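>>> Kindly return the folded structure for what I paste below:
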Amino acid sequence: MRHPDGHEPEDRQPDPEQSRRIADLSPDQIQAIDAALLAAADIGWRKVAFLVATVMTGPARVPGIADVYYAQRVRALVANGSLVAQGVLSRMRYSEVRIAGEAGVLKPGNLFEPDSGRGSTDSGIKPT
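Presented below is the predicted three-dimensional model:
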């Protein structure tokens, strides 16, 4: 469903039952989800929705856990520096991530990425 301004809304929040299931996750299950998300990531940009779908259909899937939780874990991996993001992380279809590290860090003078041809959304500068 689109907003009147033409933009899709942010990803929904878990409902009360999903929130209960999320609260019941063990540290090992959360670690397995995080590891699977990192394994699905790459040094190139990948849509957050792709990572979420990959993990939700793989062995780290936890029945009853909504896609939005997996997207929340992606945001946590960005926050702890494991992944680098561009786009709007609250909208998994409108954000991309990649593995952090030498290839994932933009430095002054390196605003454009030769592998993608896209500028960093952090710089505010767009390629011409």
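
>>> Can you show me the helices along the protein?
Using DSSP state H, the helices of the chain run over residues 16-23, 27-40, 48-56, 67-79.

>>> elements contacting the second one?
Contacts of helix 27-40 with other secondary structure elements, assessed using 3 or more CB pairs under 8 Å, 6 or more residues apart in numbering; DSSP states H and E, are made with helix 48-56, helix 67-79. (Glycine included, C-beta is placed from N, CA and C.)

>>> got a list of contacts for the last one?
It refers to helix 67-79. Helix 67-79 has contacts (CB atoms under 8 Å, 6 or more residues apart in numbering) with 11-14, 18, 22, 30, 33-34, 37-38, 48, 51-53, 55-56, 83-85, 89, 92, 97.

>>> Can you list the low-confidence ranges for this structure?
Across the chain, residues meeting the criterion (pLDDT under 70) sit at 1-8, 102-128.

>>> Who's the closest spatial neighbour of residue 38, skipping the chain neighbours?
Among residues not flanking residue 38 along the chain, residue 82 sits closest, at 6.2 Å (CB to CB, 6 or more residues apart in numbering).

>>> Kindly report the same for residue 66.
Computed as CB to CB, 6+ apart, the closest residue to residue 66 that is not its neighbour in sequence is residue 18, at 4.6 Å.

>>> How many neighbouring residues does residue 79 have?
11 (other CB atoms under 10 Å).

>>> about what we covered before: with distance to residue 42 as new columns, can the helices and strands packed on helix 27-40 be given to me in TSV?
Listed next are those as TSV, based on distance: least, CB to CB, whole Å:
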stretch	distance to residue 42
helix 48-56	10
helix 67-79	14
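
>>> between the helices of the chain, which gets nearest to residue 101?
Comparison of the helices of the chain against residue 101 by CB to CB identifies helix 27-40 as nearest, at 11.6 Å.
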